[in-house]
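**Student:** Task: produce atomic coordinates for the following.
(one chain, ligands or ions: 1)
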Amino acid sequence: MIGPFGLTACMSYIGISPSSLDSSSRAPLIDVRAVECGYAGRTILEGVNLQVHRGQVVALIGSSGGGKTTLLRLMSRQIRPTRGTVLFDGQDIGVLDARDIYAVRRRMGMLFQFGALFTDLSVFENVAFPLREHTRLPESMIRDLVLMKLNAVGLRGARDLMPAEISGGMARRVALARAIALDPELVLYDEPFAGLDPISLGVAARLIRDLNDALGLTSVVVSHDLHETFAIADHVVMVANGRIVAQGSPDELRNSTDPLVVQFVGAQADGPVRFHMAAPDVAHDFGFAGGQA
Ligand SMILES: Nc1ncnc2c1ncn2[C@@H]1O[C@H](COP(=O)(O)OP(=O)(O)OP(=O)(O)O)[C@@H](O)[C@H]1O
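**Tutor:** Numbers count the residues shown, from 1 in each chain. I've put the predicted structure just below:
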């Protein structure tokens, strides 16, 4: 009989080290050091230092366009820093070759913005997909693992449904089951609550926390929903204008007097966080003389 979430035996059977269960290790799982990066020569993040400790739920918050998703992309080596290093479990992932980065990514689960399910596959097959892609497990083991993951998100009973037959909140939970199918050590979530009603949102948030603790995961969650995020995070990191401008426990951020934090947590449009993206002069764009904007 296999337990509710998956066993060490299953993990080693599919070749994954259950090292996340080793709480004796004090080195951070993710260590972002003095990183600078950007797209097409445009610098987005600058001087970013961030440690994600094992077992924690870390929330990345901040205004739109501040660089939160870019930070997740760095952690999963979808992009490389132009300066500085990103260490995963002590390894500089910026210098790994394709084979090694593939091995590292197997230790990460990702639920990226609007991470859609495959519409022509059942709920069961969606969760089975990474197991079929990345392992050679026998069908009976795949079945047990898929049902365990679906059970963990409360949807074992939905296994035969198609994505079109389930709600948005349920689809997000199936995507979560799929993200943890390979028993990752780290799960990266990009706006996992986007578009959910308040009840589904609360359920999804609680699930992220519970799965994190039950499976010995480490989670990084980008979210605009401060209420739910503060309720589940151990550590909150605020990213604005390409820099980390504040970090601490949810209470520390709530009680902060830093104008940037106060502006964001208090949802004020005006303040130190730029509302406008850098753009040509207003007078230039609208064709009138300077000084009249
Ligand atoms: N693939 C890309 N190519 C070029 N520029 C990009 C790319 N992805 C993001 N950017 C730019 O990088 C900046 C940071 O984007 P990013 O998506 O990291 O911000 P964010 O904080 O996650 O925003 P949001 O909360 O709106 O998702 C933005 O100015 C964005 O336009």
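**Student:** Ala34 against Leu50, yeah?
**Tutor:** No - counting by Cβ atoms under 8 Å, Ala34 does not reach Leu50; the two are 10.5 Å apart. (C-beta placed from N, C-alpha, C; glycine too.)
**Student:** Neighbour count for the two, which is higher?
**Tutor:** Legend: neighbour count by other Cβ atoms under 10 Å for Ala34 and Leu50, higher for Leu50 (22 against 12).
**Student:** Just confirm that one is within a strand.
**Tutor:** Yes - checked against DSSP: H, G, I helix; E, B strand; the rest coil, Leu50 lies within a strand.
**Student:** So for the nearest residue to it once chain neighbours are set aside, what's the pLDDT?
**Tutor:** In space, and not counting its chain neighbours, Leu50 is closest to Val32: 4.3 Å by Cβ to Cβ, 6 or more residues apart in numbering. Listed pLDDT for Val32 reads 97.
**Student:** quick one: Val32 from Val146, how far?
**Tutor:** 33 Å (Cβ to Cβ, to the nearest Å).
**Student:** do the same with Val221
**Tutor:** Distance from Val221 to Val146, by Cβ to Cβ: 24 Å.
**Student:** Check His53 too.
**Tutor:** From His53 to Val146 the distance is 30 Å (Cβ to Cβ).
**Student:** which of the two has more neighbours?
**Tutor:** Under the criterion of other Cβ under 10 Å, the comparison of His53 against Val146 puts Val146 first, with 24 against 16.
**Student:** just checking, what packs against the one helix or strand that one maps to?
**Tutor:** Here Val146, judged by DSSP states H and E, is contained in helix 139-152. The contact analysis (3 or more Cβ pairs under 8 Å, 6 or more residues apart in numbering; DSSP states H and E) places helix 139-152 against helix 8-13, helix 123-134, helix 168-179.
**Student:** ok, and what's touching stretch 121-128?
**Tutor:** With Cβ atoms under 8 Å, 6 or more residues apart in numbering as the contact definition, stretch 121-128 has outside contacts at 117-118, 129, 142, 146, 149-150, 155, 158-163, 166, 174-175, 177-178, 181.
**Student:** Please pick the buried ones from those residues.
**Tutor:** Neighbour-count burial (16 or more other Cβ atoms under 10 Å) applied to the contacts of stretch 121-128 gives 117, 129, 142, 146, 149-150, 155, 158-159, 162-163, 166, 174-175, 177-178, 181.
**Student:** Near the ligand, which residues of the stretch 1-150 of the chain are found?
**Tutor:** Tyr39, Ala40, Ile44, Gly62, Ser64, Gly65, Gly66, Gly67, Lys68, Thr69, Thr70 (Cβ under 6 Å from any ligand atom).
**Student:** Look up the closest residue to Asp258, ignoring the ones flanking it.
**Tutor:** Nearest one to Asp258, counting by Cβ to Cβ, 6+ apart, is Ala246 at 5.6 Å.
**Student:** Need the pLDDT of that neighbour.
**Tutor:** At Ala246, pLDDT is 93.
**Student:** Do the helix or strand containing it and the ligand come into contact?
**Tutor:** Using DSSP H and E, Ala246 sits in strand 243-248. No - for strand 243-248, no contact with the ligand is found by Cβ under 6 Å from any ligand atom; the gap never falls below 11.6 Å.
**Student:** Tell me the helix or strand right after that strand.
**Tutor:** helix 250-254.
**Student:** pLDDT averaged over that following helix, what's the number?
**Tutor:** Taken as a whole, helix 250-254 has a mean pLDDT of 93.
**Student:** same for that helix, what does it pack against?
**Tutor:** Counting contacts by 3+ Cβ pairs under 8 Å, 6+ apart, helix 250-254 is packed against helix 226-232, strand 235-240, helix 259-265.
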